[in-house]
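>>> Need coordinates for the following:
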Amino acid sequence: MCGINGIFSTKQSTDLTLEIKKMNNKIIHRGPDSTGEYINSGKKYKVAMGMRRLSIIDLKNGSQPIFSDDKSKIIVFNGEIYNFKKLKKELIDKGYTFRTNSDTEVILKLYESEGPDSFGKLDGMYAFSIYDKNIDKLFIARDYFGEKPLYFHQGDGKFIWASELKSLLSVLKKKPQIDLNGLCLFFQLTYIPAPFTIYNGVKKLEPNKLIELDLKTNNLTITKIKRTKNKFLIPNKYEAIKMTHDLVNESVESRSISDVPLGTFLSGGVDSSIVTLCLANQNSEKIDTFSIGFNKKSFDESDKSRLVSKLINSNHHEFIISEKMVENNLDEIILNFDEPFADSSALATSLVSKKTKNYVKVALTGDGGDEVFGGYNKYYVGYLNKLYTGIFPKKIHDYSLGLLNYLLKNKDDSRGYSHKLNKLLNSVDYNNDYYYNIISLAFKERELSQFFNKNFYNPNSLGYFKQIIRHDKKTITDFRKIDKLISLEGDMLVKVDRTSMFASLECRAPFLNKKLWDFTNQLPEKYLVNGFDKKHILKEAFKKYFPKNFLNKSKKGFEVPVGDWLRVNLSSELKSFINKDFIKKQNIFQHLNIKKLILNHLNSNSDNTFKAWTFYCFQKWYVNNYLK
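Numbers count the residues shown, from 1 in each chain. Coordinates of the predicted model:
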């Protein structure tokens, strides 16, 4: 696990040695164990590649960059390839020899053998760049789910790429302007999915995509990484349950390869409990498990993780998070994302990562279980929206919605059933956009015009994604694909990568496996969501290992009570962000409307937790990036 950087420049005056060192220094946390650099200064162009290494596999010989035998090809790599031993054996059988035991060298040899089409064979999480001097080309790839980040910028005679924005920004002449689409996406979703960022001219490489840059012509193309999908014969439900059990165990085993200590994040929910159980069953010695608790009872679920820990007899480490702990680390956590990010569970994930790093260097997580096996309440939305809109005409719905919002509003952020019903009713849509409404956790698309000035309002910020996946489809698999494209890549995986790597901890997600994804996409949807039983087949496959009905208990996740915190310790700072002169100088928001929304929350007139927290996180980022 590492962080990578790179620069291609046609300007002979550019000192790439200084620039690549500067980029590497910005991400020491991603790779505190070692650093590596490659500089090639040709007559027509210059190429520099750098990396910071967190040593997990082949501790002695796995340093990067790694070169081909004839030194004509160079790679820097961030991530883990879980099937590298199998691929290595195939390459050895073809006559290739290896100097290291690292997965990095396997990628390079695979490229030598089969070219960029071979990248589809990789099972893992990765972002890497290969410079091939023989053909004057750069190849930059990102993994299938987008577990590892990759940013890029092209302009002013340069092409720059990096694992984190802070690296890329450090070598630009000036900070880019705010990107209109990125801004609106953030205020809707609370995060910014690929290919967008908050900065104009800076992009994220989308998952399963490959950049090919011809260094002679400076021509850049982005294509999908080709792969052969896994095919499954699923004769009946019994066999499907058995296959689910075996495939999950297989994935956990493959994600457990490590030359350093390894444990699991154990929240007590279905996904982390199953991953932890599988790992414990595959090890003869006790495994380490890590969980967090909160001193606010409605958010604390540490009793569930303790039950699982006792069941598998793990070395369990439980950390109780207080408001003071979060407050002391708030700026560090929020600003580490480099662009606005308002998933409040990042606060808890960051703190548990920091604590976990004191015991192990790698942690398995349950991330991706909901997307792969159909675990979200929102997957009911297609059926419910169709039922609701068939009963109530749009005029009646529009007329009554204001009254319903008032009656159902929850004056704290305890996330009760009224809050969920309120959210569902506000997501009802008569034009097939309901799923995009429900994933818009902060402001709905139609609301943005009330709070943004005209020059910052984009009425169709989600248009790019609606073109990729037709939003008039209504199946659970369609919704899962939208989640994979938008919320998994833009939110869940960003949260885990940035918070864990900031603590120099590697996180791996066994459910994010192309084989598992292909398998569940071939299952009858009733195997995933059976009536109102979410993740039905996953729970059927593992229920025998847990107490009766344990896997059917509701799960709250890593959410934290930010709605309360905004009203107390953070209220003064939040009020400063709606100061009339400050808002006028920004020229982004409509002052009276945003002020009213924030004050209503602070005065407990309404629960505007998600909107207020999104606004707060943006303003924190803005002040740090444009006023300092």
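
>>> When you work out contacts or count neighbours from here on, use the C-alpha atoms and nothing else.
Fine.

>>> quick one, strands of the stretch 501-628 of the chain?
506-508 (DSSP state E, counting those that start in this stretch).

>>> Run through the helices of it in chain order.
Here the stretch 501-628 of the chain has its helices, by DSSP state H, counting those that start in this stretch, at 514-521, 525-528, 536-542, 562-567, 571-576, 580-586, 591-602, 609-626.

>>> And for Ser129, nearest residue in space, chain neighbours not counted?
Spatial nearest neighbour of Ser129, chain neighbours left out: Ile140 (4.3 Å); criterion: C-alpha to C-alpha, 6 or more residues apart in numbering.

>>> The one you found belongs to a strand?
Yes: looking at Ile140 with DSSP: H, G, I helix; E, B strand; the rest coil, it is inside a strand.

>>> Quick check: bridge partners of it?
Judged by DSSP bridges, the bridge partners of Ile140 are Ser129, Ile211.

>>> Would you mind measuring from it to Met125?
The gap separating Ile140 from Met125 is 14 Å, by C-alpha to C-alpha, to the nearest Å.

>>> Next up, phi/psi of the residue most central in space within the chain, please.
With distances taken as C-alpha atoms, centre = their mean, the residue of the chain nearest its centroid is Leu493 (1.7 Å). The phi and psi values for Leu493, taken as degrees, to the nearest 10, are phi -80, psi -30.

>>> again, but for Tyr144
For Tyr144, the backbone dihedrals (degrees, to the nearest 10) come out as phi -60, psi -40.

>>> State the distance from the nearest residue to it once chain neighbours are set aside to Tyr131.
Excluding its sequence neighbours, the residue lying closest to Tyr144 (C-alpha to C-alpha, 6+ apart) is Asn208, at 4.2 Å. The gap separating Asn208 from Tyr131 is 19 Å, by C-alpha to C-alpha.

>>> Report pLDDT for Asn328.
Asn328 carries a pLDDT value of 86.

>>> show me the contacts for it.
Counting by C-alpha atoms under 8 Å, 6 or more residues apart in numbering, Asn328 touches no other residue.

>>> the helices in the stretch 151-300 of the chain, which residues?
For the stretch 151-300 of the chain, the helices defined by DSSP H, counting those that start in this stretch cover 165-169, 180-189, 237-254, 270-281.

>>> Make a markdown table from those and add mean neighbour count and distance to Ile537 to it.
What follows is those, written out as a markdown table (neighbours: other C-alpha atoms under 10 Å; distance: least, C-alpha to C-alpha, whole Å):
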| stretch | mean neighbour count | distance to Ile537 |
| --- | --- | --- |
| helix 165-169 | 23 | 39 |
| helix 180-189 | 24 | 29 |
| helix 237-254 | 18 | 6 |
| helix 270-281 | 24 | 12 |
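
>>> would you turn the ones you listed into CSV with mean pLDDT?
Below are the helices of the stretch 151-300 of the chain laid out as CSV (pLDDT from 0 to 100):
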stretch, mean pLDDT
helix 165-169, 97
helix 180-189, 97
helix 237-254, 98
helix 270-281, 97
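
>>> Among these, which comes closest to Ser113?
helix 237-254 (24.1 Å; C-alpha to C-alpha).

>>> now the angle from the closest one to helix 514-521?
160 degrees (axes from the mean of the first three to the mean of the last three C-alpha atoms, to 10 degrees).

>>> what's next to helix 237-254, contact-wise?
82-83, 234, 275, 278-279, 282, 510-511, 513, 516, 523, 527, 537-538, 540-542.

>>> Taking those, please make a ChimeraX selection of just the buried ones.
Selection of buried members from these for ChimeraX, criterion 16 or more other C-alpha atoms under 10 Å:
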select :82,83,275,278,279,510,511,513,516,523,527,537,538,540,541,542
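
>>> What is the subsequent helix or strand relative to the worst-scoring helix or strand of the chain on mean pLDDT?
Here the helix or strand of the chain ranked lowest by mean pLDDT, DSSP states H and E is helix 417-427, holding a mean of 61. Heading C-terminal from helix 417-427, the first helix or strand you meet, by DSSP states H and E, is helix 434-439.

>>> which secondary structure elements does that following helix contact?
Applying 3 or more C-alpha pairs under 8 Å, 6 or more residues apart in numbering; DSSP states H and E, one finds that helix 434-439 contacts helix 381-391, helix 417-427.
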